[in-house]
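Trainee: coords please:
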Amino acid sequence: MNAIKEKENFNQDQMNQMNKISTEGYDLLKVNKNEEAKQKFEELLAIDKNNQYALVGLGDVARKQRNNELAVKYYKNCLDHHHENKYAIIGLADAYRDMKEFEKAIQLWEHFLALYDADVTVLTRLADAYRKIGDFENSKKFYLKVFDIEPNNTYALTGLGYLFFDHKKYDMALTYWTKMLEIEPENVKILTTIGNCHRKKKTFQDGIEYFEKALLLSQDNFYALYGLADCYRGLEQHENSLKVWEKLLKLSPDNKVLLTRLGDALRNIGRLDESVIYYQKALDIDYDYYAAIGIALVNKKKGDFKEAIQTLLKLYNIEKNNTRLIMELSDCYKLNHQRNEAINLLKKSIDTGNTHPDIQQCYELMLNEE
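Mentor: This next block holds a predicted model:
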């Protein structure tokens, strides 16, 4: 960006000097020499206090230095004097986006589109912002507009996938992510997102395929390993999931979610005492519902129903409408020959509004038992 003539009262020497300073400033900015660029733009302002290139440049420096509040000040100053400066509009919108003030960013990007030709970068940022605030239709509309300019734009393909994924439209998400994968077949992030989509659809075997492809490209990729282990868990292949949870725990030894998942795998293959060790490690880091219920289920499996009931009751008093807790607690009551307590628990749950069919069915079965 060059400091072209803005005011008639600058002579040619001054104009040449401003052009030189502006060019030097933006060249420095391109190679991330931010402080040196800042000095150049301030030097330019000393000659012309409202110079649009200097004000935008200072805004860009501030944004690169993650000082978005200061960036906003410079971009606004520029727009006060140069109302349609496209770089100030985009810079201000990006600063608001980084500050998570998406509505303000949206207004500016739409203002840009009203002034200038459709721009792929602006369209995708606008679509992203609408996605962030949960406006499905507008987000979809602007992503699709990108394809009018670039039919295979990878950013829009990825964004549309996330948009549909966020709204549980998994088949549509797969449509766009699969097309994206045709363009970038070794994109690890897309491979893992497709795998996650299959996890949500419970098509676990398909998920395994994509997570394994991702791991061929990035063998210690946390998300691919986690997804692979979780797919094995979904297929009840607990021995396979155990191996992957163990590998993950080496990468993140104090991760209480992994500790709990590892405990679950051990419990499901009958290594009960070992599972309790990992559940307890998770609880030592912080309270974890799944670790606590895991210990209760170990006690249930061992036949120590009284201990299991005590743990489940503590959890139930925290989450009285948790269907899984109610079912496990009623089952432990029944196994501990406390049928009336089981019936009363189920009835209380139904009376207080729990409409889950499993609760109703279990209650009716218990009532009809001899």
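Trainee: give the contact list for residue 318.
Mentor: By CB atoms under 8 Å, 6 or more residues apart in numbering, the contact set of residue 318 is empty. Where C-beta positions appear, they are placed from N, C-alpha and C, glycine not excepted.
Trainee: right, I mislabeled it, should have said residue 353
Mentor: Residue 353 neighbours (CB under 8 Å, 6+ apart): residue 321.
Trainee: does it belong to a helix or a strand, and which?
Mentor: In the assignment (DSSP states H and E), residue 353 maps to no helix and no strand.
Trainee: quick one, phi/psi of it?
Mentor: phi 110, psi 0 (degrees, to the nearest 10).
Trainee: likewise residue 83?
Mentor: In terms of degrees, to the nearest 10, the main-chain angles of residue 83 are phi -60, psi -30.
Trainee: That one and residue 207: what is the separation?
Mentor: Distance of residue 83 to residue 207, computed by CB to CB, to the nearest Å: 51 Å.
Trainee: the more surrounded of the two?
Mentor: Neighbours per residue (other CB atoms under 10 Å) separate residue 83 from residue 207, with residue 207 holding more: 26 against 10.
Trainee: so the more buried one touches residue 199, yeah?
Mentor: Yes: using CB atoms under 8 Å, residue 207 is in contact with residue 199, at 5.0 Å.
Trainee: Residues that sit against both of the two, list them.
Mentor: Residues touching both residue 207 and residue 199 (CB under 8 Å, 6+ apart): 227, 231, 234.
Trainee: which residues does residue 200 contact?
Mentor: Residue 200 touches 165, 168, 170, counting by CB under 8 Å, 6+ apart.
Trainee: could you redo the last one with a cut-off of 6 Å?
Mentor: residue 170 (CB atoms under 6 Å, 6 or more residues apart in numbering).
Trainee: name the element it belongs to?
Mentor: Per DSSP H and E: helix 188-201 holds residue 200.
Trainee: what does residue 321 give?
Mentor: Counting by DSSP H and E, residue 321 is part of no helix or strand.
Trainee: burial measure for the closest residue to it other than its chain neighbours, as a count.
Mentor: Closest residue to residue 321 apart from its sequence neighbours, by CB to CB, 6 or more residues apart in numbering: residue 354 at 5.7 Å. The burial count assigned to residue 354 is 17, neighbours taken as other CB under 10 Å.
Trainee: where's residue 354 relative to residue 312, distance?
Mentor: 16 Å.
Trainee: Tell me the secondary structure at residue 253.
Mentor: Secondary structure, DSSP: H, G, I helix; E, B strand; the rest coil: residue 253 is coil.
Trainee: Show the pLDDT at it.
Mentor: Listed pLDDT for residue 253 reads 95.
Trainee: That one and residue 228, how far apart?
Mentor: In terms of CB to CB, residue 253 sits 19 Å off from residue 228.
Trainee: More neighbours: these two, which one.
Mentor: Shown here are residue 253 and residue 228; by other CB under 10 Å, residue 228 has more neighbours (28 against 10).
Trainee: Work out for me the element the more buried one sits within.
Mentor: Per DSSP H and E, residue 228 falls inside helix 222-234.
Trainee: Ok, residue 97 next?
Mentor: Counting by DSSP H and E, residue 97 is found in helix 86-98.
Trainee: how far is that helix from where the chain is centred?
Mentor: 23 Å (CA atoms, centre = their mean, to the nearest Å).
Trainee: Just the buried residues of that helix, please?
Mentor: 87, 88, 89, 90, 91, 92, 93, 94, 95, 96, 97 (16 or more other CB atoms under 10 Å).
Trainee: Equivalent analysis for stretch 293-301, please.
Mentor: Of the residues in stretch 293-301, those buried by neighbour count under the rule 16+ other CB under 10 Å are 293, 294, 295, 296, 297, 298, 299, 300.
Trainee: same for whichever helix or strand comes after the helix holding residue 200, what does it pack against?
Mentor: Where DSSP H and E defines the elements, the next helix or strand beyond helix 188-201 is helix 204-217. Packed against helix 204-217 by the contact rule (3 or more CB pairs under 6 Å, 6 or more residues apart in numbering; DSSP states H and E) you find helix 188-201, helix 222-234.
Trainee: Could you report the pLDDT at the closest residue to residue 290 other than its chain neighbours?
Mentor: Distances taken as CB to CB, 6+ apart put residue 260 closest to residue 290, at 4.7 Å, once the chain neighbours are dropped. Note on residue 260: pLDDT of 97.
Trainee: what sits against residue 260?
Mentor: Contacts of residue 260 by CB under 6 Å, 6+ apart are 282, 288, 290, 291.
Trainee: Quick check: buried residues in the following helix or strand past the helix holding residue 97?
Mentor: The first helix or strand that comes after helix 86-98 along the chain, using DSSP H and E, is helix 102-115. Of all the residues in helix 102-115, those buried under the rule 16+ other CB under 10 Å are 102, 104, 105, 106, 108, 109, 110, 112, 113.
Trainee: distance between helix 102-115 and the chain's centre?
Mentor: In this view, helix 102-115 has its centroid 24 Å away from the chain centroid, taken as CA atoms, centre = their mean.
Trainee: now stretch 42-51
Mentor: Going by CA atoms, centre = their mean, the spacing between the C-alpha centre of stretch 42-51 and its chain's C-alpha centre is 42 Å.
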